[in-house]
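In: Sharing a sequence plus its predicted fold:
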Amino acid sequence: MGCCASLSDDSNGDSPIRRSGSSRGTSLKRTASRRSESVKLGWIPVVKRSCTDVIALVIYILFGIGILAITCYSFWYGDAWRLAYGYDSWGNVCGRTNKPIPFVELSGRDMTNYKYVFFLNTDNPLNSKEICVSKCPTVNISSYDEMEQYEKNGGDNLCRYDKSAADAKTNGGICAKIPVRPTLMLMNRCFPKFTDFISISNASDVFHRIFNTLATHHWIIFSLMGIGLLLSLVMVFIIRYLASVIIFLVMILAGVASIGATAALWYAYSVYNRKLVDLRAETNSSYTTAFLVFAILATIFTVVLLLVMLASCKRVRFLNALFTEAGICLSHMPFLVFQPVWTAICLIVYLAFWVMVMLYLATSSRATYDVNTDSVHYNSSKSVRYLWWYMIFGLIWVSEFILACQNMVIAGAVNVYYFTRKKRSISNPILKSISRLLFFHLGSVALGSLIITLVKIPRLVLMWINAKLEGKESCPAKFVLKCLICCLYCLENCLKYIASNAYAIIAIDGVNFFPACQRAFEIIVDNAFRVATINCVGDFVLFLAKLIVTGVVGMVGVLCSLTTVNTLQ
C-alpha cells in the first residue's frame, strides 16, 4: 500500500541537511549556530521515511468503516422528519403524508397541512396525548362550548381525529382537557405559555433578534472579521520586529506591580500598627497580624519573582529569538497562518455530519402500539444505544485526530523551512508536509489522538455523573469525584503537550509515536527552564496581543453600531 512507500527529498542545494559522513562536518560549519546545535542533538530530518504506527492506522480505518456503516444504517432506517416535526399519539408524523401502521385505526393520515404538535393536556404536556394541528391555539378555552365555537371560527379540532367538541360533552377524555391555555410555537410544538416555557419563549425572541441582526448587519460582521484578521497579521509583524521590547515591557510591568502591591501591604501594616490605637487591643492585633502576614508573603513572592526574572534574562533572549524566528518563518510561509482556519472548517463539517447521523440514528426505531393507552411509541433498541456510544466516541476521536493533523502539518512545514539552507527557494512546504502526513504518519496521528480520547472520555463521564448527582452525593464522594476529574484534566493536558512535541519529533526523525514521546519528554525535562519561560512569559505576551486585537475590533464594532443607529434616526 502507498503508506509503506519510501520518500526521498531532492538532492539539490535547497534540500534539508542529511547525514553523510565527512561532508556532514563540512556542511555544519557553513550553517548557523542555531542549526549546528540541532545537529549535535541529532535533529536532522531523515531522507527515507517509512510508515509509522501501522496497527493504529488500521484500527482507525476499521473504526471509520464502522462509522460509515452506522451512517448507512441510520439513513436507511432513520426518519429525521419525525424528530423535527414531531408525531401524534397514533404515529402520524406532522407535516407530511403517513403510511398506515398495522392495528392502529387513526394512523396513515395526511398531515401535510397540520405541521404542529398540540398536547391535549396543556397542564401536563409530558404525560399527554398529542394531535397534529395547523396552528397553535393562542386563546384561553374554558369550556367545551368555547372549544366548539373556536372550531367554528376556523380553529382546529382539538380532539381525537374521529371526534369533535360536541362529542366531548357526553364522552369526556376524547378532547383537550379544560381549560386549554394559550400556547406558543417552539420547534414545531405548541407549548403552554406558563412556568418554565416563558424563559424558553424569551430565549426564542433572543434567537430571532440574533438572526435578524445577522441578516441586516452581515456586512459589518464580515468587515470586523477582516479587521481582526488584519490586526492579527499586524501583531505577528510587531512581535517579530519588537519582540524584545514587548517581552521586557511585560516583565517590567509585572515587577513594578508586584513591588507596588508589596509596598502597599507594608504601608497598611504600619498604619494599623501606629495609628489605630483607639480600637480594642484584640481587634488592632488581629488587623496588624493579618497585614503583617500578607506583607511577608508578598515580599517573599516579590523577591522570588525578581530573582526568577533576573535569572531568566538569558532565557528571555532565547524567547525573543524564538519569536523573531517564528515571524521570519511566517514571512516565508504566509499560508501557515490559515491552517487553523482549514482545521476549523474540517471540524465544523464533521460536526454537521455527526449531528445529521445522530438525528437519523435517534429516529431509526420502530413503531410499537400500546393497546392499553391507545398510543404509538418509538422505542430505541439496546443495539441502537450502543451505536450512540460508538458515535460519541467517534466524535471525540475524529476531532482530536483533526487537531493532531494540524499539529503535524505545522511541525512538518516548519521542519522543511528550518533545515533548508536557501530560505528564498522554499517551495510548497505545507503541501510537502501534508503529503508526508498522508503517506507516512497518519498512524502516529491516529495513535496520539486515540490516547487523548481514552483519557478525555472518562473525564467527561465523571463530569456527567457529577452533574447528575448534584445535591445528592455526600461531601467525601463529591470531593473524590472532583479530585478524579481534576487529575484526569491535568493528565489530558500533559498528554496533549507531550503529543504536540512528539509530532515535531516525528516530522524530523520519522519515528513511531511512543519513541517520539519518550524523546520529547526527555527534551522537555532537560530544558525545563526554557519551557517554563516560553509557557509563562510567551503565553502572556500572546494573550496581551489577542486582548489588543479583541479590544480594537470590539471598539470598532460599537462605533459602527452607534453610527447605524444615528443614521436610522
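Out: Everything's here; your move.
In: so residue 399 sits right up against residue 347, yeah?
Out: Yes. Taking contacts as C-beta atoms under 8 Å, residue 399 lies within contact range of residue 347: 6.2 Å. All C-beta atoms are positioned from the backbone trio N, CA, C, and that covers glycine.
In: and the two? which has more neighbours close in?
Out: Legend: neighbour count by other C-beta atoms under 10 Å for residue 399 and residue 347, higher for residue 399 (19 against 15).
In: What strand or helix carries that one?
Out: helix 382-418 (DSSP states H and E).
In: Please list the residues outside whichever helix or strand comes after that helix that contact it.
Out: Going down the chain from helix 382-418, the next helix or strand is helix 429-436, by DSSP H and E. Outside helix 429-436, the residues within contact range by C-beta atoms under 8 Å, 6 or more residues apart in numbering are 7, 49, 333, 335-336, 339, 408-413, 415-417, 507.
In: Just the buried residues of the residues you listed.
Out: In terms of neighbour count (16 or more other C-beta atoms under 10 Å), the buried residues within the contacts of helix 429-436 are 49, 333, 336, 339, 408-413, 415-417, 507.
In: can you name the two of the contacts of helix 429-436 that are farthest apart?
Out: The span of the contacts of helix 429-436, defined through C-beta to C-beta, is set by 49 and 335 at 23.3 Å.
In: show me where the stretch 151-300 of the chain has helices.
Out: Assigned by DSSP state H, counting those that start in this stretch, the helices in the stretch 151-300 of the chain fall at 165-168, 197-216, 218-241, 243-274, 281-311.
In: which residues touch the nearest residue to residue 150 once chain neighbours are set aside?
Out: Using C-beta to C-beta, 6 or more residues apart in numbering and skipping the chain neighbours, the partner closest in space to residue 150 is residue 141 (5.9 Å). Counting by C-beta under 8 Å, 6+ apart, residue 141 touches 147, 150, 158, 176, 178-180.
In: ok, now residue 139?
Out: 150, 182.
In: Report pLDDT for it.
Out: Among the per-residue scores, residue 139 shows a pLDDT of 86.
In: what do you get for residue 38?
Out: You'll see residue 38 listed with a pLDDT of 46.
In: likewise the one 3 residues further on?
Out: According to the prediction, residue 41 has pLDDT 46.
In: Report the separation between residue 480 and residue 492.
Out: Remark: distance between residue 480 and residue 492 (C-beta to C-beta, to the nearest Å) = 19 Å.
In: higher neighbour count, those two?
Out: More crowded of residue 480 and residue 492, by other C-beta under 10 Å: residue 492, with 18 against 12.
In: Tell me where the chain has strands.
Out: Taking DSSP state E as the criterion, the chain contains strands spanning 116-119, 130-133, 183-186, 189-192, 366-370, 375-379.
In: Can I get the second one in CSV, CA atoms only?
Out: This points to strand 130-133. Written as CSV, here are the backbone C-alpha positions of strand 130-133 (Å, rounded to 0.1, in the frame of the first residue of the first chain):
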residue,chain,number,x,y,z
GLU,A,130,-50.8,14.6,21.1
ILE,A,131,-52.5,15.6,17.8
CYS,A,132,-51.3,17.5,14.8
VAL,A,133,-52.8,21.0,14.2
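In: For it, give the mean pLDDT please.
Out: 89.
In: Make 52 the starting number, not 1.
Out: In the new count, where the first residue is 52, that last one comes out as strand 181-184.
In: What is it packed up against?
Out: Under the contact criterion of 3 or more C-beta pairs under 8 Å, 6 or more residues apart in numbering; DSSP states H and E, strand 181-184 touches strand 167-170.
In: still on that earlier bit, ok, which of the strands of the chain comes nearest residue 105?
Out: Nearest to residue 105, of all the strands of the chain, is strand 417-421, at 41.3 Å by C-beta to C-beta.
In: distance between that closest one and the chain's centre?
Out: 38 Å (C-alpha atoms, centre = their mean, to the nearest Å).
In: Mind listing residues that contact that strand?
Out: 142, 152-155, 426-430.
In: Equivalent analysis for stretch 139-148, please.
Out: 130, 132-133, 136-138, 149, 152, 155-163, 165-168, 180-183, 212, 239, 418, 420, 425-427, 429.
In: got any ranges where the stretch 302-451 of the chain has weak pLDDT?
Out: For the stretch 302-451 of the chain, residues meeting the criterion pLDDT under 70 lie at 323, 325-338, 363-367.
In: need the helices for the stretch 452-601 of the chain, in chain order.
Out: Applying DSSP H, counting those that start in this stretch to the stretch 452-601 of the chain gives helices spanning 480-487, 493-519, 526-560, 564-577, 579-584, 590-619.
In: can you list these in CSV and add distance to residue 284 and mean pLDDT?
Out: As requested, the helices of the stretch 452-601 of the chain are arranged in CSV below (distance: least, C-beta to C-beta, whole Å; pLDDT from 0 to 100):
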stretch, distance to residue 284, mean pLDDT
helix 480-487, 17, 87
helix 493-519, 29, 91
helix 526-560, 24, 88
helix 564-577, 30, 89
helix 579-584, 26, 73
helix 590-619, 10, 68
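In: so which of these gets nearest residue 277?
Out: Among the helices of the stretch 452-601 of the chain, the nearest to residue 277 by C-beta to C-beta is helix 590-619 (9.9 Å).
In: on that earlier part again, check the contacts of residue 192 for burial and list the buried ones.
Out: The neighbour-count test (16+ other C-beta under 10 Å) applied to these identifies 198, 201, 209, 227, 231 as buried.
In: from these, which two are the most distant?
Out: 201 and 227 (10.1 Å).
In: what touches both of the two?
Out: Common contact partners of residue 201 and residue 227 (C-beta under 8 Å, 6+ apart): 192, 209.
In: so how far is residue 183 from the residue nearest to residue 201?
Out: 18 Å.
In: Dump the strands of the chain to CSV, plus mean neighbour count and distance to residue 282.
Out: Formatted as CSV, the strands of the chain follow (neighbours: other C-beta atoms under 10 Å; distance: least, C-beta to C-beta, whole Å):
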stretch, mean neighbour count, distance to residue 282
strand 167-170, 25, 47
strand 181-184, 24, 52
strand 234-237, 18, 40
strand 240-243, 21, 44
strand 417-421, 13, 56
strand 426-430, 15, 52
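In: among these, which is nearest residue 407?
Out: Across those, residue 407 has its closest neighbour in strand 426-430 (18.6 Å, C-beta to C-beta).
In: Let me know the angle separating the closest one from strand 417-421.
Out: 140 degrees (axes from the mean of the first three to the mean of the last three C-alpha atoms, to 10 degrees).
In: which other helices and strands contact strand 426-430?
Out: Looks like strand 426-430 contacts strand 417-421 (3+ C-beta pairs under 8 Å, 6+ apart).
In: Could you please name the strands the strand it packs on pairs with and the direction of each pair?
Out: The strands beside strand 417-421 in its sheet (DSSP bridges) come out as strand 426-430 (antiparallel).
In: Pull the strand it pairs with out as PDB, backbone CA atoms only.
Out: Provided in PDB are the C-alpha atoms of strand 426-430 (Å, rounded to 0.1, in the frame of the first residue of the first chain):
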ATOM      1  CA  SER A 426     -51.000   5.200  21.600                       C
ATOM      2  CA  VAL A 427     -47.900   4.600  19.400                       C
ATOM      3  CA  HIS A 428     -44.400   4.900  20.800                       C
ATOM      4  CA  TYR A 429     -41.000   4.800  19.100                       C
ATOM      5  CA  ASN A 430     -38.600   3.000  21.400                       C
END
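In: what does that strand rub up against?
Out: The list of residues contacting strand 426-430 from outside it, by C-beta under 8 Å, 6+ apart, reads 133, 138, 140-142, 152, 155, 158, 180, 414, 416-421.
In: So for residue 563, what's the nearest residue that isn't a sequence neighbour?
Out: Spatial nearest neighbour of residue 563, chain neighbours left out: residue 103 (4.8 Å); criterion: C-beta to C-beta, 6+ apart.
In: wait, that neighbour sits on residue 560?
Out: No. With contact defined as C-beta under 8 Å, residue 103 does not count as touching residue 560 (9.9 Å).
In: Looking at these two, which is more packed in?
Out: Using other C-beta under 10 Å, the more surrounded residue of residue 103 and residue 560 is residue 103, with 23 against 19.
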